[in-house]
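Chemist: A predicted structure for the sequence below; I have some questions about it.
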Amino acid sequence: MADAKYDVLGIGNAIFDVLVRTDEKFLADHGMTKGGMALIDEARAAAIYRDMGPATEMSGGSAANTIVGIANLGARAAYVGKVKDDQIGKLYSHDIRAAGVAYETKPAANGPATGCSYILVTPDGERTMNTYLGAAQDLTPADIDPAQIEAARIVYLEGYLWDPASAKEAFVKAATIAHGAGRQVALTLSDAFCVDRYRDEFLELMRKGTVDLIFANESELHSLYQTSDFDTALKQLGADTKLGVVTRSEKGCVVTSKDGVVAVPAFPIKEMVDTTGAGDLFAAGFLFGLVRNAGLHKAGRLGALAAAEVIQHIGARPMVSLRELAEQHGLPV
């Protein structure tokens, strides 16, 4: 196997985040399911934006947040995701490159605008997302550069990619190329509603070995196996995938592999502000631990540390050096 140019390459929906603090009434008035991610059209996006209070706007996208976290920790990272050649698209491209991530996906010259997610954060820190995919849904297999995929130790994919048909094809192409080069493929299930839509397809990806590593939270795991019993679902995950990582909020995470189950505690926090990006940054820390050969327990600790940082402020990307934070806690960097 050739040496890797990148530690992790992420492929995802390139989405610009518009975050606003709100209350339960706003969610109810607009027919939103708290804590979920709904796909919306341009008209609904405009209506939500019109009714929102003052917002914080920043680049986002699940896999992109993870990749930015990995670069922040000091690993070599690359990202593939589609924006339009518009103002927000240019801002998005600038932000991800400024974070130290290799980003070479050609922007769309025409078609829908760069994708946006309208994220409502309630006082308990829970986030509810309304996503207009826009240009992100026009990611195609042609955007997958085989040489770039082959150059990454781990290819990281987001479950949200399964919504647009052409992105789904790009996802499978990337996984096939990665395995052909002896690389690993990781998938985050993204959202319980996403799992509801594609349960059988996700299970097939796992059981056929198209993906090697699965990230899920508790609700996604329960949705995947349609059981409310955690131990039953975890056992099934262990049977279906080489490596499974399940985050459990303040209860930390569990990692299941052929060597058994490892439980890792969460990091203590001062205040829960915004859960946006918690899973994304957990995955960043965990993947960083894997590429540094830190072992599953330390990888889980790095994930917990990165998640703890991001939930204590608004927005889904780190606001401090995660590398320095890891060093302060004696974790491998």
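Modeler: Thanks, I have the structure now.
Chemist: can you pull up the most central residue in this structure?
Modeler: Ser62 (3.3 Å; CA atoms, centre = their mean).
Chemist: wait, it sits on Tyr160?
Modeler: Yes - using CB atoms under 8 Å, Ser62 is in contact with Tyr160, at 6.0 Å. Every C-beta, even on glycine, is put in place using the N, C-alpha and C of the backbone.
Chemist: report the set of residues contacting both of those two.
Modeler: Residues touching both Ser62 and Tyr160 (CB atoms under 8 Å, 6 or more residues apart in numbering) are Gly12, Asn13, Ser190.
Chemist: okay, helices next: where are they in the stretch 101-250 of the chain?
Modeler: Under the criterion DSSP state H, counting those that start in this stretch, helices of the stretch 101-250 of the chain are mapped to 146-150, 165-180, 192-207, 218-225, 230-240.
Chemist: list the helices and strands the shortest one packs on?
Modeler: Contact partners of helix 146-150 among helices and strands, from 3 or more CB pairs under 8 Å, 6 or more residues apart in numbering; DSSP states H and E: strand 6-11, helix 165-180.
Chemist: test my guess that Pro112 contacts Ala135.
Modeler: Yes - counting by CB under 8 Å, Pro112 touches Ala135, with 5.5 Å between them.
Chemist: more neighbours: which of the two?
Modeler: Neighbour totals were compared for Pro112 and Ala135, and Ala135 leads with 26 against 17 (other CB atoms under 10 Å).
Chemist: Thr256 falls within a strand, correct?
Modeler: Yes - counting by DSSP: H, G, I helix; E, B strand; the rest coil, Thr256 is part of a strand.
Chemist: and the gap between the residue nearest to Asp143 when sequence neighbours are not counted and Thr140?
Modeler: Spatially, and ignoring its direct neighbours in sequence, Asp143 is nearest to Thr105 (5.5 Å; CB to CB, 6 or more residues apart in numbering). Using CB to CB, to the nearest Å, one gets 11 Å for the distance from Thr105 to Thr140.
Chemist: please apply the same query to Gly252.
Modeler: From Gly252 to Thr140 the distance is 39 Å (CB to CB).
Chemist: ok, those two, which is more surrounded?
Modeler: Taking neighbours as other CB under 10 Å, Gly252 and Thr140 compare with Gly252 leading, 18 against 15.
Chemist: quick one: residues contacting the more buried one.
Modeler: Shown in contact with Gly252 (CB under 8 Å, 6+ apart): Ala263, Val264, Pro265, Ala266, Gly300, Ala304.
Chemist: can you do 6 Å?
Modeler: Gly252 is in contact with Val264, Pro265, Ala266, counting by CB atoms under 6 Å, 6 or more residues apart in numbering.
Chemist: how about low-confidence regions in this structure?
Modeler: 1-2 (pLDDT under 70).
Chemist: what ranges do the strands span in it?
Modeler: Per DSSP state E, the chain carries strands over the ranges 6-11, 15-21, 37-39, 56-59, 77-80, 101-103, 115-121, 127-132, 152-158, 184-188, 213-217, 243-247, 253-257, 260-264.
Chemist: could you save those as a markdown table and add columns showing mean neighbour count and distance to Val310?
Modeler: Below are these laid out as a markdown table (neighbours: other CB atoms under 10 Å; distance: least, CB to CB, whole Å):
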| stretch | mean neighbour count | distance to Val310 |
| --- | --- | --- |
| strand 6-11 | 28 | 16 |
| strand 15-21 | 23 | 12 |
| strand 37-39 | 18 | 17 |
| strand 56-59 | 17 | 12 |
| strand 77-80 | 28 | 16 |
| strand 101-103 | 20 | 17 |
| strand 115-121 | 25 | 13 |
| strand 127-132 | 23 | 11 |
| strand 152-158 | 27 | 16 |
| strand 184-188 | 25 | 15 |
| strand 213-217 | 25 | 14 |
| strand 243-247 | 24 | 13 |
| strand 253-257 | 21 | 15 |
| strand 260-264 | 15 | 17 |
